[in-house]
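Asker: sequence and predicted structure are below.
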Amino acid sequence: MNEKILVVEDEKKVASFIKRGLEEEEFSVDVANDGEEGLYFAETNTYDMILMDLMLPKMDGLSAIKALRQKGVATPVLCLTAKDTVEDIVSGLDSGSDDYLTKPFAFAELLARVRALLRRGAQDRGAEMTFADLRLDPVSHKVWRSNKEIDLTAKEYSLLEYFMRNPNQVLTRTMIAEQVWDYTFDSFTNIIDVYVNYLRKKVDRDYDKKLIHTVRGVGYILKEE
């Protein structure tokens, strides 16, 4: 069965370009032209992935993504945006999106991001993982420390899952960028540092035993001291 993708894009030429390209790759594609329509489609249909422009009429993309997450829709979302500052990227990821792509983009890059997110979603199943008093459930996307549930954004969860699949190993920023964000360029490391700090505040701040540690000049490691 072909994967089904929802494209929410108000620029009709761009939407047509994406739809045609994805259909040539044998994806099934629906198109919505504003945020409200996109939200309705996503709530009433089952999709394997959503491509969401952020600058949309009626309801902006970030608001639509937040509304979806609040309603329990966990479909992976790739944001399409003309904004590329660290603040803009973090804002998009915090809204509940899983990745972002800056306009203008080559279709080959869009396709690579789509396939990476679909792969990640397919792999996102399995037995619970534990490390020290930290527990992660890949099916429900829930995380607990000392049996207290921790509320994580989608990207914070992905980052913690990568740490827990590789405990006691030093993870460089490049490794994290490639595995969690599918990026390989060095300028993205600021985003990684921001998210590791977010994760630390939620996972470690209220506990004497710290689990996420900095390896100066190299990266980070999940370990018990």
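Answerer: Everything's here; your move. Residues are numbered from 1 along each chain as shown.
Asker: tell me where this protein has strands.
Answerer: Along the chain, counting by DSSP state E, strands occupy 4-8, 28-32, 49-53, 77-81, 99-102, 129-131, 134-137, 142-145, 148-150, 171-172, 212-215, 219-222.
Asker: just name the most buried of those strands.
Answerer: strand 49-53 (a mean of 26; mean count of other C-beta atoms under 10 Å). C-beta coordinates here come from the backbone N, C-alpha and C atoms, glycine included.
Asker: give the rounded mean pLDDT of that strand.
Answerer: Mean per-residue pLDDT for strand 49-53: 93.
Asker: partner strands of that strand, with direction?
Answerer: Using DSSP bridges, the strands paired with strand 49-53 are strand 4-8 (parallel), strand 77-81 (parallel).
Asker: chain center to the last one, what's the gap?
Answerer: For strand 77-81, the separation from the chain centroid amounts to 10 Å (computed by C-alpha atoms, centre = their mean, to the nearest Å).
Asker: now the first one
Answerer: Shown here is strand 4-8, whose average C-alpha point lies 16 Å from the average C-alpha point of the whole chain (C-alpha atoms, centre = their mean).
Asker: phi and psi next, for the nearest residue to A15 once chain neighbours are set aside.
Answerer: Excluding the flanking residues, the one nearest A15 by C-beta to C-beta, 6 or more residues apart in numbering is E9, at 4.0 Å. Per-residue torsions, E9: phi -150, psi 120 (degrees, to the nearest 10).
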